[in-house]
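Novice: from the sequence below, what's the structure:
(chains A, B, C, D, E and F)
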Number of protein chains: 6
Amino acid sequence: MRPSGRAPDEMRAITIETGFTKHAEGSCLISFGDTRVLCTASVEERIPPWLRGKGEGWVTGEYSMLPRSTHTRSSREAARGKQSGRTQEIQRLIGRSLRAVVDLKKLGERQITLDCDVIQADGGTRTASISGAWIALRLAVNGLMQSGDIKEDPITGQVAAISCGIYNGTPVLDLDYPEDSSAEADANFVLIEGGQIAEVQATAEGATYDEEGLLRLLRLARIGCDGIFAKQLEATK
Amino acid sequence: MRPSGRAPDEMRAITIETGFTKHAEGSCLISFGDTRVLCTASVEERIPPWLRGKGEGWVTGEYSMLPRSTHTRSSREAARGKQSGRTQEIQRLIGRSLRAVVDLKKLGERQITLDCDVIQADGGTRTASISGAWIALRLAVNGLMQSGDIKEDPITGQVAAISCGIYNGTPVLDLDYPEDSSAEADANFVLIEGGQIAEVQATAEGATYDEEGLLRLLRLARIGCDGIFAKQLEATK
Amino acid sequence: MRPSGRAPDEMRAITIETGFTKHAEGSCLISFGDTRVLCTASVEERIPPWLRGKGEGWVTGEYSMLPRSTHTRSSREAARGKQSGRTQEIQRLIGRSLRAVVDLKKLGERQITLDCDVIQADGGTRTASISGAWIALRLAVNGLMQSGDIKEDPITGQVAAISCGIYNGTPVLDLDYPEDSSAEADANFVLIEGGQIAEVQATAEGATYDEEGLLRLLRLARIGCDGIFAKQLEATK
Amino acid sequence: MRPSGRAPDEMRAITIETGFTKHAEGSCLISFGDTRVLCTASVEERIPPWLRGKGEGWVTGEYSMLPRSTHTRSSREAARGKQSGRTQEIQRLIGRSLRAVVDLKKLGERQITLDCDVIQADGGTRTASISGAWIALRLAVNGLMQSGDIKEDPITGQVAAISCGIYNGTPVLDLDYPEDSSAEADANFVLIEGGQIAEVQATAEGATYDEEGLLRLLRLARIGCDGIFAKQLEATK
Amino acid sequence: MRPSGRAPDEMRAITIETGFTKHAEGSCLISFGDTRVLCTASVEERIPPWLRGKGEGWVTGEYSMLPRSTHTRSSREAARGKQSGRTQEIQRLIGRSLRAVVDLKKLGERQITLDCDVIQADGGTRTASISGAWIALRLAVNGLMQSGDIKEDPITGQVAAISCGIYNGTPVLDLDYPEDSSAEADANFVLIEGGQIAEVQATAEGATYDEEGLLRLLRLARIGCDGIFAKQLEATK
Amino acid sequence: MRPSGRAPDEMRAITIETGFTKHAEGSCLISFGDTRVLCTASVEERIPPWLRGKGEGWVTGEYSMLPRSTHTRSSREAARGKQSGRTQEIQRLIGRSLRAVVDLKKLGERQITLDCDVIQADGGTRTASISGAWIALRLAVNGLMQSGDIKEDPITGQVAAISCGIYNGTPVLDLDYPEDSSAEADANFVLIEGGQIAEVQATAEGATYDEEGLLRLLRLARIGCDGIFAKQLEATK
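Specialist: Okay, the predicted model is just below:
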C-alpha cells in the first residue's frame, strides 16, 4: 500500500495555472499534488559566446528551491556562495530535456531561459520542472510567432518527465516525498510525445534492479507522461 | 497625475493569502498591486553562536528576487556566487524591522527566519516584504503559543512598511515601478502600530528635499501603514 | 551626561590633513575625535559599461575598516572572500551622497572613486567618510580644472554627514563609540550646504522614536553639518 | 564503420597498473585505450558529521581532469574557484556506484574517498573512473582486513561501468572521443557482477531512442562489463 | 647614478611613529622614504586549531595595500573576493620572519597577528612591513610582560628586512619604485641582529646573477639592516 | 647520516619519461626518487590582455598536488574554492624560472602554459616541477620550430632547480620528505646552465644560517643542477 493510498500506476493530481507572472514571456505554476513549481520562460535576444555566428539559438534551464519549500529550512545557495551539485545536475537535465524538442536553427539567434523555482516540495520537483518548463516554453514561442519574430515553429514535439520507483517491492508511478525517501530504487524518465525516450536516470542507491525492473518502470512512466501530455496541451491551447 | 490614476495618498490594493506553503510555521503571499512577495517564517531550535547562553532568541530576515520577477531577467545570485549589496541591505532592514516588535527574551532560545521571496516585482518589494513578514511571524508565534513552547507573547506590536516619494513635484504614497524609476526622491518608512517610527530610509539620488518635504512623506506613510495594519490584523485573526 | 562630557549639541574636534598620500588625485586624513579615516579620490579615464556612450561620468565610493581599527581585531574581508552587508551598505551610501552634489554630465566620461579606509574607529566612521570624501573629490576636481580636462565645475555644492542619536533619553550630536553602542536610536543624516537633505537613515533597533524625535535629531544634524561645511571650505581653499 | 575499426561490440584494450602511487591505501592507473585515469582509495578514521553515532562508514568519490588531459587545455577548476556542474555530477555518480556494493555497517566508522584523476582523456572517463575505483577500493579494504581493522568483508560484489551509444545508426560499445562527440545517443551503465543494474544515465541530446534501442545498449553494456569484471579480478588477486 | 641621487649603499630616510593607533596592543607607522606602512600587533587569547594543547603560541602576519597606495588605483581584494598570490606570498614571509625571533613556548597559548597595511607605496613595502612589524610586536610583548601575562621575554632578537638589487649594472641598497621597476635583479633579505640570515628571496626575472653578485647584495643588506636595527631599538626604548 | 643513507652531496635517482600524455605539445613524467611530477606544455595562440600588441609571447606555470599524492589525503583546492598561498607561490616561481631562459619576443604572440601536477610527493616537488617543465617546454618549442611557426629558437638556455638544506647540522643536497620535515634550514635554488642564478629562496623557520652556510648550500645546488642539466639534455635529444 502506498502512503497516499494511490494505486501503483496512479499519478497525483496535476494542476497548471498559466500566466502566473506578468513579466515572463511564458509562465505557469505547475502542481503535482503538493509539489509546486513556478516555471518561467525568458526570451533574450542574445546567445552564449560559443554559439555566435552559427545562426542558432539556445535553450537553457535553471533550478532552485526556495529555502522553506522543504520540511526543514535549507540555507540559500546565494548566501552559501555556490550552487550545490544536485542543483547543477538538475539544471543541466532541464536544459537537455527541452533542447530535445527544439530545432535551434528555427529558433534563431536568441536564448530562452527556463527558470524553475520550487515553491513547495513533496517529491518529483525535477520532473514537475521539466513538464512545466515545456508549457512556459510553448507560451513564449507562441508569442514570438504571433509577433512575427519567428516564422516557423521551432518546437518539434512535447516533452514531459515523471519519476517512478520500487516501493516496498512494487513498481509505482510518481513518487511523493514519503515514498521517495524510502524507495529501493528511483528513476526519472524524460519522454517525448509519440514514444521516444529523451533521457533515463535510474539510480539504485543501496538496492539494484534488473532489466525487467527497468522496463516495468519505463512502462509506468509512459502512462504518467501520457497524462502530462494531455494536461500540457489543454493548458497551452 | 500618477501613471496608475491613483490619488496622491492612495495605496494599491493589498491582498494577503495566508498559509501559502504547507511546510513553513507561518506563511503568506502578500500583494501590493502587482508586487507579490512570498513570506515564510521558519522556527528553528538553535540560535546564532554569539547569542548562546544569553537566554534570548533571534529574528532574522532573508530576501531574494526570483530571476524573472522583474521586467527583464536578472541572473541568479546563487549562480553569480554572491548576494548583491542591495540584497544584503534589504535583508538587514527586514531583520531590524521585525526585531523592533519582538521581545527576544520572551522568544526563548530559538531563531525565526523570515524569508521574503519576490515572485513578481512592481515597486515596493522591500516594504511589502516587511509587511508580509510580520504576518508570517505572527502566525508562527501563534503556533508556538498554542503548542505551549512559548508562554508569553513575545510580539510587542505590529510593524509595517511603505514607500513614499516625490513624483512630478507631488508627494505620493506607495510608489509603483513607473513612479519609482522616475521619482525625484524616494523614502521607505517602517512604522509601528501606535505612531512610533522604527526606521526611515530617505534617499534623494539626484534630487534632495527639505524638512517640510520629509514630514509630508512621513504623514503619507502613516496613512499607508494604518491601512496595512488593518489588513494584517484581518489576515491573522 | 555624555561619557565624553560633551554638551548634547557639541561635536568632537574635527581635524583634516589634506594631501595625506601622494599618488591620489585628492586625499585627506579626516578625524572626528578618535575616528580617523583616510579618504582618497582616484580619477580614471574610463566609465562603467552601462554608462558608455551617454556622455556622462560616474562617482562611486568604497569603504573598508583596517583589521585593527576596532577595539578587538576583525578578520580581513579580503581573507574571508567577501565584503559584509554592512560594508556594501556604507559603500552605496558614500557613492549616492557624493553623486547628490555632482553634475555627471559636466564631469565628462571619467570615473572618480572615493576610497574611505578607516584607520581608527570610535563611532561615526561612515559620516566621517562622506565628509572627508567630499574634500578628496573637491581637490581632485580642482586638479582636473587646472589641467583643463574639465571646463565647468561639476560640483554643485558641499555635502557632509553626521550621526545623531538618543542617549539616555536625550538627543545628542556626533555619537562616539561608547554612546553608539548603548544609544536607544541612531540616525545618520547626509545634508547639503544650504539646507537640503540628501539622505536620512534613522534606525531604532530595540527602541523607536516619534516624529518630534526625528525632527530634533535633524536639527542637531544641521548644527553639526554647518561646522563640517566650514572645515571643508577651510581645508580646500 | 567505427573510426577505430572496432566491431560494434568490441571494447578498447584495458590495462590496469595497481599500486601506482605509494601513499594511497589502494591505487591503480586504469586505461581504456587512450583514456587513462589514476584512481586512489584513501582511508580516513573519521566520517561526515551527519553520520556520527550511527555505527556506519561512508564511501565517496571525487573526480577531476588534469588541465591538459584534453585535446585543448582547460582551465583549472581550482583557479576558477569552483567545480563545474559536470564534475559534480560525475563525483556524485562515482560515490553512488561504489556504495551500491558496500555494506556501510561492516565498513565501520571510517570514510573511504575514491579520487579519480584523469591523466589523459579519450572518451569514457567517468566509466573508467568507476571501474578503476572499485579496484582501489578492493585493495584498500584488503589492507584493512589484513590489519584486522575490519573483520567481515564490507564489499558485497563487483561494480563496473561502460558507455554505449548509437553511432551512425548502429549501437556500439565503449565510445572513444571521436565517436562520443558525434553519437546520436549516449548512455552510461553501471552494472553489478551477476546481472543487476546500479545506474543508468541515458541521454539523447538532439536525438532520442525507443525502448528497443535502450535494451540493445544495455545488452552491449553487459558484454563490456563482463570483460571489465574479469580484468578487475585479475588485478586484485 | 640612482634616480634619487643616493649613493649605492645609501638607505632612504627611515621614520617611525609608534602608537599610531590606539586600539592595537602595539603599532607603528614606518616610512622608508615615501613608502609608508601601518603595522599593528593584535594579541588574542586563542590559537589556531592545529596548535591546541601544545602549550605554544603563534605569530602570524597579514598584508594589504590600500587601493590608492599605488600610482594607479588597484581594485580591492575584498571586492574581487580573493587575495592575490603576491599578497599571500608576502603574508607568509612576514609570519615566518617574525617567528624566526620568537620562542613560541614562552609566548604561551596566545596568538599575535601582525597586520601590515600599506598606506603609500614607493618600493620595498614587504621589507618595511617586516621591519615595522618587529616594532609592533616588541611593543605588544612589552605590554604582556608589564601586565604579568608573560613571565619571560619570548623575543629572542631583532629581525629586519631590506631589498637590494642590481640597477644599471651596480648593486644598490633599498630600491625605490623607479629602481625596482627597472632593476635587472631584485633580492629581499631578512636578517637577524648579530649576523644570521632568516630568509633570502632573490629573483632575477629576465636577468640572472652569479655567486659574487649574490654576496655583494647580501653585504649591502647587512649595512641596511644595521641601520634599521638601530632605529628599531630607538623606537621601542 | 641521512635517513636514505645517501652521501650529503648525493642526489636521488632521476628518471624522465617524455611524451607521457599524447595531447600536450610537450610532456614528461619526471621522478626525483619517489617524487613524481607530470609536466605538460600547452601552446595557445593567444596572450594575456596586458601583453596585446607588444609582439611578445608569455610563459606561465601552474601547479597542483593530487589529493593523495601526500602521506595523508589533502582536500582538493577546486572543492575548497581557492588555491592556497603555497600553491600560488610555487606557480609564480615556476613561471618566473622558465621565463628566465625564454626570449619572449622570439616566442611570438603565443602563450605556453606549463602545468606541473604532482602525482606522488616525497619532498622537492617544486624543484622537480621546474626541472621537468623545462623539458616539456623544450619539446613544445621543438615542435613549433619544426612546423615553422617559430623561426629562431626562443629558448636561451637550460634551467633547473634543486633543494638543499641543513640536516642535523650538515648541508645536504636534494632533501626528501623525512629530511625536509626536520631540516633546520631549507633553500631552493633555480640555476641556469653555465653558472648563473635565476632564483634563491632560502628560508630558515625556527633556525637561521650565516653567509658561509648559504654559500655551502649554493655549491651543493650547483652539483645537483649539473646532474639535472645532463638528464634534461639526454631526454630532449
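Novice: can you tell me the closest non-neighbouring residue to the residue nearest the centre of chain A?
Specialist: Nearest to the mean C-alpha position of chain A, counting by Cα atoms, centre = their mean, stands A:I130 at 1.2 Å. The shortest distance from A:I130 to any non-neighbouring residue, by Cβ to Cβ, 6 or more residues apart in numbering or on different chains, is to A:A161 (4.0 Å). In this view, the C-beta of every residue, glycine as well, is placed from N, C-alpha and C.
Novice: my guess is A:C225 contacts A:A160, does it?
Specialist: Yes: the criterion here is Cβ atoms under 8 Å, and A:C225 meets it with A:A160 at 4.5 Å.
Novice: with adjacent residues omitted, what lies nearest to A:H23?
Specialist: B:H71 (5.5 Å).
Novice: state the distance from that neighbour to C:G195.
Specialist: 37 Å (Cβ to Cβ, to the nearest Å).
Novice: ok, back up a step: give me the secondary structure label for the residue nearest to A:H23.
Specialist: The local conformation at B:H71, judged by DSSP: H, G, I helix; E, B strand; the rest coil, is coil.
Novice: just give me the neighbour total for it.
Specialist: 12 (other Cβ atoms under 10 Å in any protein chain shown).
Novice: and for the one 5 residues further on?
Specialist: The criterion is other Cβ under 10 Å. On that basis, B:R76 has 23 neighbouring residues.
Novice: right, and A:G124 touches A:E179 too?
Specialist: No: look at A:G124 against A:E179 with Cβ under 8 Å: they stay out of range, at 9.7 Å.
Novice: in terms of neighbours, single out the busier of these two.
Specialist: Using other Cβ under 10 Å as the criterion, A:G124 and A:E179 rank with A:G124 on top: 26 against 22.
Novice: list the buried residues for the lowest-mean-pLDDT helix or strand in chain A?
Specialist: Across the helices and strands of chain A, mean confidence by mean pLDDT, DSSP states H and E is lowest for helix A:77-80: a mean of 90. By 16 or more other Cβ atoms under 10 Å in any protein chain shown, the buried positions in helix A:77-80 come out as A:77-79.
Novice: distance to chain C for the residues you listed - can I get that in TSV?
Specialist: TSV is the format used below for these (distance: Cβ to the nearest Cβ, whole Å):
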residue	distance to chain C
A:E77	15
A:A78	12
A:A79	11
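Novice: for chain B, what are the nearby residues on chain A?
Specialist: Residues of chain A lying near chain B by Cβ under 8 Å from any Cβ of the partner chain: A:21-24, A:27, A:34, A:38, A:40, A:42, A:44, A:62, A:64, A:66-73, A:76-79, A:81-83, A:87, A:113, A:115, A:117, A:119-121.
Novice: identify all contacting residues around stretch A:2-19.
Specialist: A:27-35, A:132, A:135, A:139, A:162, A:167, A:170-174, A:176, A:178-179, A:220, A:223-224, A:227-228, A:231-232, A:234-236 (Cβ atoms under 8 Å, 6 or more residues apart in numbering or on different chains).
Novice: ok, of those, which come out buried?
Specialist: Here, 16+ other Cβ under 10 Å leaves A:27-35, A:132, A:135, A:139, A:162, A:167, A:171-174, A:176, A:179, A:220, A:224, A:227-228, A:231-232, A:235-236 buried among the contacts of stretch A:2-19.
Novice: taking the residues you listed one by one, which sit in helices?
Specialist: A:132, A:135, A:139, A:179, A:220, A:224, A:227-228, A:231-232, A:235-236 (DSSP state H).
Novice: wait, which of those residues is closest to A:L104?
Specialist: Here the nearest of those to A:L104, counting by Cβ to Cβ, is A:L139; it sits at 18.8 Å.
Novice: contacting residues around that closest one?
Specialist: A:18-19, A:25-28, A:41, A:236.
Novice: from B:S69, how far out is the nearest residue to A:T113 once chain neighbours are set aside?
Specialist: With sequence-adjacent residues excluded and distances taken as Cβ to Cβ, 6+ apart, A:T113 is closest to A:S42, at 4.7 Å. Noted for A:S42: a distance of 11 Å to B:S69, by Cβ to Cβ.
Novice: these two: which has the busier surroundings?
Specialist: Applying other Cβ under 10 Å to A:S42 and B:S69 shows that B:S69 carries more neighbours, namely 27 against 23.
Novice: need the residues of chain A near chain C, please.
Specialist: Within reach of chain C by Cβ under 8 Å from any Cβ, chain A has these residues: A:G81.
Novice: let me see the ranges of the strands in chain A.
Specialist: Using DSSP state E, the strands found in chain A span residues A:14-18, A:26-32, A:35-44, A:58-65, A:111-120, A:159-167, A:170-173, A:185-192, A:197-203.
Novice: how close does the residue sitting furthest away from the middle of chain A sit to A:E109?
Specialist: For chain A, the largest distance from the centre (Cα atoms, centre = their mean) belongs to A:G53, which lies 29.8 Å off. Between A:G53 and A:E109 the computed distance is 9 Å (Cβ to Cβ).
Novice: next: A:I155.
Specialist: 17 Å.
Novice: got a list of what the closest residue to A:Q196 other than its chain neighbours touches?
Specialist: Ranked by Cβ to Cβ, 6+ apart and with sequence neighbours excluded, the top spatial neighbour of A:Q196 is D:T208, at 3.6 Å. Contact analysis of D:T208 by Cβ under 8 Å, 6+ apart lists A:100, A:192, A:196-198, D:185.
Novice: which positions in stretch A:192-200 come out as buried?
Specialist: So for stretch A:192-200, counting by 16+ other Cβ under 10 Å, buried means A:192-193, A:196-200.
Novice: reformat those residues as JSON lines; add pLDDT.
Specialist: Below are these laid out as JSON lines (pLDDT from 0 to 100):
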{"residue": "A:I192", "pLDDT": "96"}
{"residue": "A:E193", "pLDDT": "95"}
{"residue": "A:Q196", "pLDDT": "91"}
{"residue": "A:I197", "pLDDT": "93"}
{"residue": "A:A198", "pLDDT": "93"}
{"residue": "A:E199", "pLDDT": "94"}
{"residue": "A:V200", "pLDDT": "94"}
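Novice: near chain D, which residues of chain A?
Specialist: Neighbours of chain D within chain A, by Cβ under 8 Å from any Cβ: A:82-86, A:88-89, A:91-92, A:96, A:99-100, A:187, A:192, A:195-206, A:208-211, A:213-215, A:218.
Novice: narrow those residues to just the buried residues.
Specialist: A:82-83, A:85, A:88-89, A:91-92, A:96, A:99-100, A:187, A:192, A:196-205, A:208-209, A:213-215, A:218.
Novice: can you pull out the low-pLDDT segments for chain A?
Specialist: A:205-207 (pLDDT under 70).
Novice: from it, which residue is nearest to chain E?
Specialist: Here chain A gets closest to chain E at one residue, A:G81, 9.0 Å apart by Cβ to the nearest Cβ.
Novice: my guess is that residue meets B:A79, correct?
Specialist: No: the pair A:G81 / B:A79 is not scored as a contact, 10.8 Å apart, by Cβ under 8 Å.
Novice: overlap in contacts of those two?
Specialist: When Cβ under 8 Å, 6+ apart defines a contact, no residue borders A:G81 and B:A79 alike.
Novice: the closest residue to A:V118 other than its chain neighbours and B:I30, how far apart?
Specialist: Closest residue to A:V118 apart from its sequence neighbours, by Cβ to Cβ, 6+ apart: A:M65 at 4.3 Å. Counting by Cβ to Cβ, the gap from A:M65 to B:I30 is 21 Å.
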